[in-house]
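> This is a predicted model, with the sequence first.
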Amino acid sequence: MHILRPYQKDAVEAIFEEFKEARSTLCVLPTGTGKTQIFSEVIKRNLPGRAMVIAHRGELIYQAAKRIESFGIGTSIEMAALAASTTFWNQTPVVVSTVQTQKAGKDGGRMTKFAPNDFTLLVIDEAHHATSKSYREVIKYYSQNPKLKVLGVTATPDRTDEKALGQVFGSVAYDYEILDAINDGYLVPITQKIVEIESLDFSGIKTVAGDLNGGELSELMEREKNLQGIASASLQMVGDKRTLVFTASVRQAEMLAEIFNRHKPGLASWVCGETPKEDRAALLRDFSEGRIQIVCNCGVLTEGFDNPGVEVVVQARPTKSRCLYSQMVGRATRPLPGVVDGHDIDDPKVRIDAIAASAKPVCLVIDFVGNSGKHKLMTSADILGGKLSDEVLERANKKAKDGQVRMDQALIEAEKEEAEEIERRRLEAEEAQRRLEARRGHLKAKATFSVRTINPFDVLDIQPARARGWDEGKVLTQKQMDFLLRQKIDPSEMTYSQAKQTLNTLFYRLHNNLATLKQVSLLKSRGINGVNLTMEQATVEIKKIALAEGWR
């Protein structure tokens with residue numbers, strides 16, 4: 001029996017809610033929070049409808065098939081020599097396949113052996129790849145069935161990818177950020193150290209497809225001086241912790257492992273896409289069981305690799321891609337097995353305390369920077385602070401350059417500092433305006449009017465969401481606007497992303513019997529924090545106020 005975590009339940013409910021209106025929807029969750037668990041539950045609830053699950057790598061296919069079968073659902077694999085039956089008597093409720101397999105062969109590929117009308121659900125794992133031509137063609141083929149629903153699941157995507165994903169998926173059902181998962185006690189907090197190496201100069205590297213040019217980056221990262229700087233700094237910080245190093249090239253992986261082993265024979269090894277499967281499995285087994293401490297890899301352990309014992313990620317492959325960076329960091333954010341699940345009380349503090357008391361209370365991410373020029377290179381601040389301004393992220397990154405810091409705490413401090421700076425500038429501007437008007441020596445009459453509205457972000461103490469690429473060009477329905485206006489909220493003052501965030505928050509509060517926005521607003525005006533009160537508790541407090549103030 002599978003017990004879903006609260007956010008997983010919310011995600012499943014949100015997906016089916018979106019399916020009432022949309023043919024396709026996206027579910028965004030960070031690595032290590034159970035995307036496969038969520039779409040397995042969606043598949044289960046979709047029965048007796050048949051489902052097709054598509055991914056782009058063999059490891060993901062086997063993992064998905066194993067998890068779906070653990071839900072008691074028959075699953076077959078269509079990949080390479082493995083073939084799923086198409087006959088009525090032998091076909092399974094679920095087929096799992098790679099996009100390459102679906103497109104392989106003549107006359108439209110192997111996907112044409114399947115009848116689109118046989119499937120009512122198409123799941124796209126690692127859906128940030130769904131913008132490619134091959135994925136679009138597979139989606140188009142199965143979408144010939146007018147009853148088909150399409151679900152995409154992905155970790156935190158690129159800001160640039162979001163717009164493209166908005167062209168493939170009609171809506172975003174659920175968006176759970178890494179910082180949300182850390183604050184809820186499901187992922188390990190990230191400590192960040194940003195190391196500056198003078199000889200690293202990225203300013204002359206071109207941008208290709210939204211990221212640093214692979215060949216030019218490899219040439220820079222393979223230079224002996226840069227390799228020595230990365231290895232030396234890493235060894236000073238990792239201690240005896242299990243460490244995963246991401247590199248820009250196979251040669252860089254091989255050379256870094258060789259340098260690590262100069263310091264201590266047998267300390268490190270390396271793996272790449274060309275490593276034979278048997279050798280790779282043996283190496284990762286040695287890594288998991290502690291016979292190897294450091295594994296350098298080029299492009300093979302970003303997806304489908306699950307080892308909760310990893311405590312350090314060395315980013316020796318700088319990137320402009322938020323999605324790629326989050327996948328690499330996600331290899332270390334899982335807590336140790338048995339630490340957060342199994343508690344009788346669903347209390348984030350219990351889980352957070354359990355992680356803090358475990359053998360892996362935090363994970364460490366080491367970034368190497370130099371002269372980045374016009375490039376905006378990713379750090380953990382970018383994936384943790386997806387809803388925060390660039391100014392706040394820059395402040396947090398500066399703290400990580402000054403010393404090793406807990407990035408969730410650094411972001412809180414940076415946000416507070418930025419708010420204080422904004423307030424300081426506002427007060428200075430107001431004072432300057434007052435002095436200007438005083439010099440004019442006369443008063444100007446002006447008509448004023450006010451409409452009493454409620455700022456939900458201020459009242460509920462939530463950070464306004466940044467505009468998401470997939471929301472570009474979208475507008476609220478009249479029904480959604482009317483609902484917000486009835487809550488005394490002016491939707492014209494918000495972006496579409498913020499309006500959707502507000503709607504989701506209000507519906508969540510209603511579903512969980514939490515105090516209404518109006519109740520919380522009234523209590524806040526009297527100095528009472530009612531954000532976490534139930535409706536009944538808020539009513540009791542309001543009655544006390546009414547009695548004390550003599551309301552009629």
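Looks like it came in fine.
> hey, let's count contacts and neighbours off CA atoms from now on
Noted.
> could you pull out the helices for the stretch 301-450 of the chain?
Secondary structure of the stretch 301-450 of the chain (DSSP state H, counting those that start in this stretch): helices at 322-329, 348-356, 380-384, 390-402, 407-440.
> Let me have these in a markdown table, adding distance to Val28 and mean neighbour count as columns.
Converted to a markdown table, those look like this (distance: least, C-alpha to C-alpha, whole Å; neighbours: other C-alpha atoms under 10 Å):
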| stretch | distance to Val28 | mean neighbour count |
| --- | --- | --- |
| helix 322-329 | 11 | 23 |
| helix 348-356 | 21 | 18 |
| helix 380-384 | 13 | 23 |
| helix 390-402 | 21 | 18 |
| helix 407-440 | 20 | 14 |
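> Is it possible to get TSV of these that adds mean pLDDT and distance to Ser232?
Converted to TSV, those look like this (pLDDT from 0 to 100; distance: least, C-alpha to C-alpha, whole Å):
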stretch	mean pLDDT	distance to Ser232
helix 322-329	87	21
helix 348-356	92	29
helix 380-384	81	21
helix 390-402	85	17
helix 407-440	83	23
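> Between the ones you listed, which one is closest to Leu283.
Comparison of the helices of the stretch 301-450 of the chain against Leu283 by C-alpha to C-alpha identifies helix 322-329 as nearest, at 18.8 Å.
> Can you list the helices and strands that that closest one packs against?
Packing partners of helix 322-329 (3 or more C-alpha pairs under 8 Å, 6 or more residues apart in numbering; DSSP states H and E): helix 380-384.
> Just the residues contacting the helix it packs on, thanks.
Contacting residues not belonging to helix 380-384 are listed as 156, 177-179, 190, 192, 322, 325-326, 329, 365, 393, 396-397, 407-408, 411 [C-alpha atoms under 8 Å, 6 or more residues apart in numbering].
> that older thread, can you list the helices of the stretch 301-450 of the chain in a markdown table and add distance to Lys44?
Formatted as a markdown table, the helices of the stretch 301-450 of the chain follow (distance: least, C-alpha to C-alpha, whole Å):
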| stretch | distance to Lys44 |
| --- | --- |
| helix 322-329 | 27 |
| helix 348-356 | 28 |
| helix 380-384 | 31 |
| helix 390-402 | 40 |
| helix 407-440 | 36 |
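> Averaging pLDDT per element, find the lowest-scoring helix or strand in the chain.
The helix or strand of the chain with the poorest confidence is helix 159-168; it has a mean of 75 (mean pLDDT, DSSP states H and E).
> which outside residues touch it?
Applying C-alpha under 8 Å, 6+ apart, the contact partners of helix 159-168 are Ser24, His128, Ala130, Thr131, Arg136, Gly210, Arg322, Arg468, Gly469, Trp470, Asp471, Glu472.
> and that helix with helix 322-329, angle?
In terms of direction (axes from the mean of the first three to the mean of the last three C-alpha atoms, to 10 degrees), helix 159-168 departs from helix 322-329 by 110 degrees.
> List only buried entries from the contacts of helix 159-168.
The neighbour-count criterion (16 or more other C-alpha atoms under 10 Å) marks Ser24, His128, Ala130, Thr131, Arg322, Arg468, Gly469, Trp470, Asp471 among these as buried.
> And the pLDDT for the fourth one?
It stands for Thr131. On the pLDDT scale, Thr131 is placed at 86.
> Nothing else from me, thank you.
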